[in-house]
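Novice: Need a 3D model of the following:
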Amino acid sequence: MQSKLFKKLVENKITKVDFGWTIFDIRFEKKLLVDGEECYGNSDFDKKEIVLDENLQSGRDREILLHELTHIVLETMGLGEGLKSKVDNESLTYQISRGFTLIYNLNKELFKIIYDND
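Specialist: Next up is the predicted model:
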C-alpha cells in the first residue's frame, strides 16, 4: 500500500464511515475494476462500501476519497445518480455543505486524518 493517507486510515482502524442513515465500509484493492474498467475508487450502494485503489499517490488519494464521499453525500441529500432535476447553485451548495457537516460530525477521526498536513 503506497498511499500515506490510506496507511493512516488502516493504522487508526478507520474502516467505516457513518452517514447517519447507513454505515459504509472502507476497503482497498490493488487493482480496482468496476464493470471491467480500471478506476481509482467506487461507492457501492448495494454493498454499502467504498473501495479505493490502494496504490494511489499522496494528494490523489485524498481527492479520490473525497470524491467517493461526495457521491454518498449527494445520495444522502436526495441528489442521487438517477435524479434528473435542475438545482440552482445555492440549493446545491446548501445540500452538499449540510451533508459534509453531517458526516464530519459523525466521523471526526476520519476527517482529522484526511486533513492532516504532514
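
Novice: strands paired with the strand ranked longest in the chain, and their directions?
Specialist: Identified as the longest strand of the chain according to DSSP state E is strand 23-29. Strand pairing for strand 23-29, determined by DSSP bridges: strand 16-18 (antiparallel), strand 49-53 (parallel).

Novice: Tell me the buried residues in that strand?
Specialist: Buried residues in strand 23-29, counted by 16 or more other Cβ atoms under 10 Å: 24, 26, 28. The C-beta positions use only the backbone N, C-alpha and C, and glycine is treated the same way.

Novice: coming back round to it: which of the strands paired with strand 23-29 is buried the deepest?
Specialist: Most buried of the strands paired with strand 23-29, by mean neighbour count (mean count of other Cβ atoms under 10 Å): strand 49-53, with a mean of 21.

Novice: which outside residues touch that strand?
Specialist: 6, 17, 24-32, 39-44, 61, 64-65, 68-69, 72 (Cβ atoms under 8 Å, 6 or more residues apart in numbering).

Novice: out of the buried residues of strand 23-29, who's nearest residue 104?
Specialist: Closest approach between those and residue 104, by Cβ to Cβ: residue 24, at 15.0 Å.

Novice: For that closest one, name its beta-bridge partners.
Specialist: In beta-bridge terms (that is, DSSP bridges), residue 24 pairs with residue 17.

Novice: swap in the one 4 residues further on?
Specialist: Each beta-bridge partner of residue 28 is listed here, defined by DSSP bridges: residue 52.
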